[in-house]
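S.K.: no sequence on this one, just coordinates:
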């Protein structure tokens, strides 16, 4: 076997177990690779994944943190609308390469919580906070690019049916001119914004699905 060929292969890293805290022994190797994101619809067993990289090297700027929080909120809304487990990974390139990020880990949770409170309807905030787990920080080892400690940030989303019920989750986007409510879904491996007709079609289909489930339950009684 060609040893040089093996040397050129990128190691595939094992993911932290879903909805489990990262132990001190849990570490990712810089330059290793996560599995390619699957374009299939998610479910409450196998999570979908979103990879995100901060634009700048070094500690994120205020604009970078805003972008990060917006992406987390949009991903969470998409997972809850799809009733799909999901994990948001910051510090991972779009192709799945582990890079890591320099970040003040003490402020991430409060920053995300603030974004959730600002971008969801008031009566849904507590529901969202129950579905979006606290960030997990996995140290990235083996990087020669910085002397600072770098991490991958992972945020799990678990939309339990008993928590979300039949709710639909819109993200509130406010600018200087107006406020709009945006509906997101997770389709073909991406977080996708839906237009009005697509939202109506999705909601109608979900209603029919719930009615069908209700009839099956009644027939078993």
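M.R.: Good, I have the coordinates. What you see is a predicted model; the values in this text were computed from it and never measured.
S.K.: mind listing the strands for this structure?
M.R.: Taking DSSP state E as the test, the strands found in the chain are 27-29, 48-52, 86-90, 136-141, 150-157, 170-174, 179-187, 190-194.
S.K.: most packed of those strands?
M.R.: strand 86-90 (a mean of 25; mean count of other C-beta atoms under 10 Å). The way it works is simple: take the backbone N, C-alpha and C, and place the C-beta from them, glycine included.
S.K.: direction included, what does that one pair up with?
M.R.: Here strand 86-90 is paired, per DSSP bridges, with strand 48-52 (parallel), strand 150-157 (antiparallel).
S.K.: next, the angle strand 179-187 makes with it.
M.R.: Using axes from the mean of the first three to the mean of the last three C-alpha atoms, to 10 degrees, the inter-axis angle of strand 86-90 relative to strand 179-187 is 110 degrees.
S.K.: and strand 86-90, how far from the chain's centre?
M.R.: The gap between where strand 86-90 is centred and where its chain is centred comes out at 4 Å by C-alpha atoms, centre = their mean, to the nearest Å.
S.K.: and the nearest residue to residue 134 once chain neighbours are set aside, what pLDDT?
M.R.: With C-beta to C-beta, 6 or more residues apart in numbering as the measure, residue 109 is the residue that lies nearest to residue 134, at 5.5 Å, once sequence neighbours are left out. Taken from the predicted model, the pLDDT recorded for residue 109 is 97.
S.K.: cool, and residue 213?
M.R.: Model confidence at residue 213, given as pLDDT, is 57.
S.K.: ok, residue 185 touching residue 80?
M.R.: No: using C-beta atoms under 8 Å, residue 185 is not in contact with residue 80; the gap is 10.2 Å.
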